[in-house]
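Enquirer: Requesting a structural model of the entry that follows:
(chains A and B)
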Amino acid sequence: MTLLAVEDLGITAGGSPLVEDVSFAIEPGERVGLIGASGSGKSLTASAVMGLLPEGLTAYGSVRFGDRELLGAGERELSRLRGKDITMVFQEPMTALNPSMRVGKQVAEAMLLHRTRDRRAASKDAVELLERVRLPEPERLARAYPHQLSGGQRQRVVLAIALANDPALLICDEPTTALDVTVQARILDVLADGVRERESALLFITHDLAVVATVCERVLVMNEGRIVESGPTRRVLSAPEHEYTARLLEASS
Amino acid sequence: MRRNVSLWAGIVLVGLVVGVALVSFAWTPHDPLLVDASVRLLGPGGEYVFGTDKLGRDLASQLMVGARTTLYVGVVAVGIAALIGTPLGVLAGMGANWLGELIMRTSDLVLAFPALLLAIMLGAVYGASTLTAMIAIGIATVPSFARIARAGTLQVVSTEYVLAARAGGRSRWWIAVRHVLPNISGIVVVQSSVSFAIAVLAEAALSFLGFGTAPPTPSWGRMLQESQELLAVEPRLALIPGAAIAIAVLGFNLLGDGLRDRFDPRLEVRR
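Expert: Numbering: from 1, shown residues only, chains lettered A, B, ... in the order given. Below is the predicted model of the structure:
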């Protein structure tokens, strides 16, 4: 059964369309890239899936997660899914972590929030999760505050939080854009292993084609609020059918 | 322990004021209220360290007991302002739009009203006393706490960890206690120290006008007031309590700055 099915999704801001006719599906365990320039509607599409559109924007169409319709679903139902079955990693790791809370506690909080562990198991598993995202000395780092970590380490913590409840779908919105290239590669490794171990599906939003090539099996290309091309990563990147994809490739090589 | 000059300077100066106030409960060189015409306007040194005033009261003893008033004043006024203003600001930042508007416009209204005038009004209605003066100063300071607390709250609320907590179904109350308050405590502490200094000065001003601490209770502000008529002949009577006020104000400002540097984890990296 298809994990996530988006059909004819549109997003408008007071009448003017921002995203139109977006349809795609993600199978369980599949890793899909969503690429396009800034302002093409990638992040908005992800926000609509999570039910986290900013105030003033409305979405129409259909977003089905398993057998549940997410568009128009109640806040209570959505909050049970978010952070548990569907999780998200944002671009800026600094604002994703509470600066006045110890790192381990924040990882544990994700599990306590959805009652997937009791208090003791949560703090124990938090350390283990930090180890699984390959943070050195996880026990010491669990007691550190976010500012004591480097940018790459922080993003690993964010990733540990996103993976804590073994989500069926992980959405990453430009998770490595704020990091330098070497750190980026290591984070992508951890990310790919993390979703593979859990058989989680991945929706990876980026404007970096090289990143898509290493992580995703399939890719969707978005331009001006529409999906203009989709297909296996290798095919799309080597023989683009749409003129916009070709331009995107040209610009990045 | 890294060097944190303002914290230590603040601790020393505030410690001095607190220490003097505590000692004054047990011991003062002379009775601060004892009027003795035979020792009027003695210069500093000898038996009277800072000399005596026009009624022959020991200046040093008055200064020591006056430190109590100063601390009392600061704690009451800042306590009222912080305990009312901070929650109001958080509420304004997290609550519904109309609630935020209501709180902020009301606080603008209070802000537009001069603190000293409010104190004088309350003093006229309920009788001039240190407590009335401080309640008035406290109420007048509520808006500045509400304002900075709201600004800090808006900043915290826009972060992704709050979004994540909210998206996961955590209540507003939980987010306020776990995410917002710890992250705005730094600016609230700094605001407290600044307000403390303002409250001490306001008490001095009110006592000077006759609307603060009623005689004969010693207060640094009233000592200044009484020194007025002798300013030309005995400037010492104004300079000594003036210096005490300056030390307390400076001490609390430095302490606030130092505490912020110490407790805001984000600032540690840059030191």
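
Enquirer: Could you list the low-pLDDT ranges of chain A?
Expert: Residue ranges of chain A with pLDDT under 70: A:253.

Enquirer: Can you name the residue of it nearest to chain B?
Expert: Nearest residue of chain A to chain B: residue A:79, at 3.2 Å (C-beta to the nearest C-beta). For every residue, glycine as well, the C-beta is placed using N, CA and C.

Enquirer: Is that residue within a helix or a strand, and which one?
Expert: helix A:75-81 (DSSP states H and E).

Enquirer: so how many other residues sit close to the residue nearest to residue A:172 when sequence neighbours are not counted?
Expert: Spatial nearest neighbour of residue A:172, excluding adjacent residues (C-beta to C-beta, 6 or more residues apart in numbering or on different chains): residue A:89 at 4.5 Å. Neighbour count for residue A:89, taken as other C-beta atoms under 10 Å in any protein chain shown: 24.

Enquirer: Contacts for the helix holding residue A:79 next, please.
Expert: Residues outside helix A:75-81 that contact it (C-beta atoms under 8 Å, 6 or more residues apart in numbering or on different chains): A:50-51, A:65, A:68, A:70, A:114, B:167-169.

Enquirer: Now for the residue nearest the centre of chain B: which residues touch it?
Expert: For chain B, residue B:196 is the residue whose C-alpha lies nearest the centre (C-alpha atoms, centre = their mean; 1.7 Å). With contacts defined as C-beta under 8 Å, 6+ apart, residue B:196 is in contact with B:74, B:77-78, B:249, B:252, B:256.

Enquirer: got the phi/psi numbers for the closest residue to residue A:220 other than its chain neighbours?
Expert: Once flanking residues are discounted, residue A:220 sits nearest to residue A:230: 4.5 Å by C-beta to C-beta, 6+ apart. Taking degrees, to the nearest 10, you get phi -150, psi 160 for the backbone angles of residue A:230.

Enquirer: same deal with residue A:100?
Expert: phi -110, psi 10.

Enquirer: And for residue B:52?
Expert: According to degrees, to the nearest 10, residue B:52 has phi -130, psi 160.

Enquirer: so what's it bridging to?
Expert: residue B:58 (DSSP bridges).

Enquirer: isn't it right up against residue B:60?
Expert: No - at 9.3 Å, residue B:52 does not count as touching residue B:60 under the criterion of C-beta atoms under 8 Å.

Enquirer: ok, residue 223 - contacts?
Expert: All of this refers to chain A. Neighbours of residue A:223 in contact, by C-beta under 8 Å, 6+ apart: A:36-37, A:40, A:244.

Enquirer: not what I meant, chain B
Expert: Per C-beta under 8 Å, 6+ apart, neighbours of residue B:223: B:53, B:59, B:62-63, B:66, B:237, B:240-241.

Enquirer: Just give the nearest non-adjacent residue to residue B:167, would you?
Expert: Nearest to residue B:167 is residue A:82, by C-beta to C-beta, 6+ apart, at 4.4 Å.

Enquirer: For residue A:88, see how far away the one you found is.
Expert: 8 Å (C-beta to C-beta, to the nearest Å).

Enquirer: Now the common contact residues for these two.
Expert: Common neighbours of residue A:82 and residue A:88 (C-beta under 8 Å, 6+ apart) are residue A:50.

Enquirer: Just say helix, strand or coil for the residue in the stretch 151-271 of chain B positioned nearest to chain A.
Expert: Nearest to chain A in the stretch 151-271 of chain B, going by C-beta to the nearest C-beta, is residue B:169, at a distance of 3.2 Å. Using DSSP: H, G, I helix; E, B strand; the rest coil, the structure places residue B:169 in coil.

Enquirer: Surely it touches residue A:113?
Expert: Yes - using C-beta under 8 Å, residue B:169 is in contact with residue A:113, at 7.2 Å.

Enquirer: More neighbours: the two, which one.
Expert: residue A:113 (22 against 18).

Enquirer: wait, doesn't that one sit right on residue A:106?
Expert: No - the pair residue A:113 / residue A:106 is not scored as a contact, 10.6 Å apart, by C-beta under 8 Å.

Enquirer: list the contacts for residue A:73?
Expert: residue A:51 are the contacts of residue A:73 under C-beta under 8 Å, 6+ apart.

Enquirer: Return the distance of it relative to residue A:167.
Expert: The value you get for residue A:73 to residue A:167, if C-beta to C-beta is used, is 17 Å.

Enquirer: do the same with residue A:178
Expert: Relative to residue A:167, and taking C-beta to C-beta, residue A:178 is found at 22 Å.

Enquirer: And for residue B:113?
Expert: Residue B:113 is 54 Å from residue A:167, by C-beta to C-beta.

Enquirer: Residue A:156: what's it in contact with?
Expert: Here residue A:156 is in contact with A:130, A:133-135, A:187, A:190 (C-beta under 8 Å, 6+ apart).

Enquirer: Is the helix or strand containing residue B:133 in proximity to chain A?
Expert: Applying DSSP H and E as the criterion places residue B:133 in helix B:130-157. No - judged by C-beta under 8 Å from any C-beta of the partner chain, helix B:130-157 makes no contact with chain A; its nearest approach is 8.6 Å.

Enquirer: Just want to know which of residue A:178 and residue A:167 has more residues nearby.
Expert: The neighbour comparison of residue A:178 against residue A:167 (other C-beta under 10 Å) goes to residue A:167, with 23 against 17.

Enquirer: quick one: the more buried one and residue A:203 touch, right?
Expert: No - taking contacts as C-beta under 8 Å, residue A:167 lies outside contact range of residue A:203: 11.1 Å.

Enquirer: Mind picking the two most distant members of the contacts of residue B:196?
Expert: Across the contacts of residue B:196, the longest distance by C-beta to C-beta is 14.8 Å; it joins B:77 and B:256.

Enquirer: Among the two, which residue is more densely surrounded?
Expert: More crowded of residue B:77 and residue B:256, by other C-beta under 10 Å: residue B:77, with 27 against 24.

Enquirer: Wait, the more buried one touches residue B:201, no?
Expert: No - with contact defined as C-beta under 8 Å, residue B:77 does not reach residue B:201; the gap is 10.9 Å.

Enquirer: do you know how far the nearest residue to residue B:152 once chain neighbours are set aside is from residue A:140?
Expert: Spatially, and ignoring its direct neighbours in sequence, residue B:152 is nearest to residue B:184 (3.5 Å; C-beta to C-beta, 6+ apart). Distance from residue B:184 to residue A:140, counting by C-beta to C-beta: 28 Å.

Enquirer: Which one of residue B:52 and residue B:60 is surrounded by more residues?
Expert: Higher neighbour count among residue B:52 and residue B:60: residue B:52, with 25 against 18, using other C-beta under 10 Å.

Enquirer: Can you tell me how far residue B:60 is from residue A:185?
Expert: Counting by C-beta to C-beta - residue B:60 and residue A:185 are separated by 71 Å.

Enquirer: Pull up the residues of chain A that are close to chain B.
Expert: Counting by C-beta under 8 Å from any C-beta, chain A sits next to chain B at A:50-52, A:75-76, A:78-80, A:82-84, A:88, A:90, A:92, A:95-101, A:106, A:109-110, A:113-114, A:145-148, A:161.

Enquirer: ok, of the residues you listed, which come out buried?
Expert: Neighbour-count burial (16 or more other C-beta atoms under 10 Å in any protein chain shown) applied to the residues of chain A next to chain B gives A:50-51, A:78-79, A:82-84, A:88, A:90, A:92, A:95-101, A:106, A:109-110, A:113-114, A:145-148, A:161.

Enquirer: Which of those residues fall in strands?
Expert: residue A:88 (DSSP state E).

Enquirer: What does residue A:68 show for phi and psi?
Expert: phi -110, psi 140.

Enquirer: got a list of what it touches?
Expert: Counting by C-beta under 8 Å, 6+ apart, residue A:68 has contacts A:77, A:81.

Enquirer: Ok, residue A:31 next?
Expert: A:192, A:195, A:201-202, A:204, A:215-218.

Enquirer: what about the stretch 51-200 of chain B, any weak spots by pLDDT?
Expert: In the stretch 51-200 of chain B (pLDDT under 70), the answer is B:56.
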